[in-house]
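J.: I'll drop the sequence and a predicted model, then ask my questions.
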Amino acid sequence: MKISKSLPVRSLKGKPVRTAALVLLTALLSLTIFGGTLIVSSLRSGLGSLESRLGADIMVVPYEATTKKKLENIVLQGNTGYFYMDQSYMEQISRCEGISQISGQFFLASTSSGCCTLPVQIIGFDPDTDFTITPWIKKSYSNDLKKLDIVVGNDLNAFVGDTLSFYGVDCHVAAKLDKTGTSFDTTVFTNEETIKALIQSSLDRKMNNFKDIDPERVVSCVMINVSEGYTVEEVLNDINLHVKNVKAVQTKEMISGISDSLSGVSDVIGVLIAAVWVLGAVILMLAFTMSANERKKEFAVLRVLGASRTKLASLVLKEALITGVIGSVIGTAAGLLILLPFNNFIEQMLGLPYLMPSIGSVAAYIAAAVVLSVITGAAAAAVSAHRISRIDTGLILRGDN
């Protein structure tokens, strides 16, 4: 007997409840695989983006900055704050051996009062010596920043040509940066000339206090790259030993806590994916086995009409492939609808750098989730197909089984 090519489809349509259950199970399986993989990949992309944005081996800050607030909260997590030291400390640091690049940065926190458009962290840099921020900005803005020009993070509600006010000073948005998935997406960047104008304005409005530090000779932190032939630990220890009232920290240590948290989240998601995959495979196998038991007489009749055992097994596998493809496509589509619109919410909920991978990577994850889900369904159906190939047609039709 030649089984019609449409028989698998007709069989699935004839049992809509059973078909819907199989599609739903496969959809949940693919949703979990795709969603979990995408979240882990986004977290790893965010961490990589954070590492590249720091772009320095060592950061040196005033010692008091490490006692007042957790440094990572200001530098890495975007909590608004500021701290300063006299520029003479940077001059002392530059005389230490093993330094290939050195540049100062300036932090200023705007407020939510009438003097500022947005409460954000503002970071100023020296264009002549900077090696961390400038290469990043050049990807979005090739010109030099003029006085009162600013560059805004991707998540800020500001666009090129807009005017933002900080401490009563109107600044021109020259560029908007690419998405990084880090706190830098809500940060404003500008050159040294502009940041010092903002600092001076904050002093004039009595909204800042430098004690006995000259506002024209301040720096918040010093970014350092180590020369070849020296280790980061050697230079770091030399600075901490010979330059008083400052604290040198290794940037990799600053993100170690984030890396540990990411590892923990990744492990949890990995266990969840594995558990759902095993559970899904078992449930699908049970579902196909129960379906095969219910359809014994149907298969026996097909055998009597001339269908071979191989044809019957092929029928079950084709049904599994059809439900698997439909279910996995629905599952991955649901994953996209859930994860893409709530990108920022997921980042805030996890409290970790979160950057969606490229379109090509997302497409690869979709394909992998679909293939794995379909294979899982087919493997579960193969057990039923094997049992079907062994049925005794005579016993079933006589009602003895």
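T.: Nice, I can see it.
J.: which residues touch the nearest residue to residue 116 once chain neighbours are set aside?
T.: Counting by CB to CB, 6 or more residues apart in numbering, residue 110 is the residue found nearest to residue 116 once chain neighbours are left out, at 4.0 Å. Where C-beta positions appear, they are placed from N, C-alpha and C, glycine not excepted. Shown in contact with residue 110 (CB atoms under 8 Å, 6 or more residues apart in numbering): 80, 116, 117, 118, 119, 120, 121, 122, 166, 167, 188.
J.: need the next SSE after whatever helix or strand residue 311 lives in, C-terminal direction.
T.: Assigned by DSSP states H and E, residue 311 belongs to helix 309-339. With elements assigned by DSSP H and E, the helix or strand that comes after helix 309-339 is helix 343-350.
J.: the helix holding residue 311 to helix 343-350, inter-axis angle?
T.: Taking axes from the mean of the first three to the mean of the last three CA atoms, to 10 degrees, one finds helix 309-339 and helix 343-350 inclined to each other by 80 degrees.
J.: quick check: mean pLDDT of helix 309-339?
T.: What helix 309-339 shows for mean pLDDT is 85.
J.: kindly report the same for stretch 373-387.
T.: 79.
J.: please name the nearest non-neighbouring residue to residue 34.
T.: Leaving aside its sequence neighbours, residue 34 sits nearest to residue 369 (CB to CB, 6+ apart; 3.7 Å).
J.: quick one: low-confidence parts of the protein?
T.: 1-7, 52-53, 67-81, 112-114, 209-213, 254-260, 292-309, 312-313, 351, 385-401 (pLDDT under 70).
J.: the helix holding residue 311: which residues count as buried?
T.: 309, 311-313, 315-332, 334-335, 339 (16 or more other CB atoms under 10 Å).
J.: then stretch 38-45?
T.: By neighbour count on 16+ other CB under 10 Å, the buried set for stretch 38-45 is 38, 39, 40, 41, 42, 43, 44, 45.
J.: isn't residue 21 right next to residue 288, touching?
T.: No - under the criterion of CB atoms under 8 Å, residue 21 makes no contact with residue 288, lying 10.9 Å away.
J.: more neighbours, these two?
T.: More neighbours surround residue 288 than the other of residue 21 and residue 288, with 27 against 16 (other CB atoms under 10 Å).
J.: hang on, that one is in a helix, isn't it?
T.: Yes - under DSSP: H, G, I helix; E, B strand; the rest coil, residue 288 sits within a helix.
J.: report the contact partners of the residue lying closest to it once chain neighbours are set aside.
T.: Closest residue to residue 288 apart from its sequence neighbours, by CB to CB, 6+ apart: residue 384 at 4.1 Å. Contact partners of residue 384, counting by CB under 8 Å, 6+ apart, are 285, 288, 289, 291, 292, 316.
J.: in a markdown table, list those along with distance to residue 349.
T.: Listed next are the contacts of residue 384 as a markdown table, based on distance: CB to CB, whole Å:
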| residue | distance to residue 349 |
| --- | --- |
| 285 | 35 |
| 288 | 37 |
| 289 | 39 |
| 291 | 40 |
| 292 | 43 |
| 316 | 42 |
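J.: and the residues you listed, which is closest to residue 361?
T.: Within the contacts of residue 384, proximity to residue 361 (CB to CB) peaks at residue 285, which comes in at 31.5 Å.
J.: surely that closest one and residue 383 touch.
T.: Yes - using CB under 8 Å, residue 285 is in contact with residue 383, at 5.5 Å.
J.: what's the next secondary structure element after the helix or strand hosting residue 108?
T.: Assigned by DSSP H and E, residue 108 belongs to strand 99-109. Later in the chain than strand 99-109, the nearest helix or strand by DSSP H and E is strand 121-125.
J.: partners of that next one, with directions?
T.: Strand 121-125 pairs in its sheet with strand 99-109 (antiparallel), strand 187-191 (parallel), by DSSP bridges.
J.: deepest in the core, which of these is it.
T.: Most buried of the strands paired with strand 121-125 by mean neighbour count (mean count of other CB atoms under 10 Å) is strand 187-191; its value is a mean of 26.
J.: so which residues make contact with that one?
T.: For strand 187-191, using CB under 8 Å, 6+ apart, the contacting residues are 78, 110, 118, 120-127, 133, 137, 145, 147, 149-153, 156, 164, 166, 171, 177, 198.
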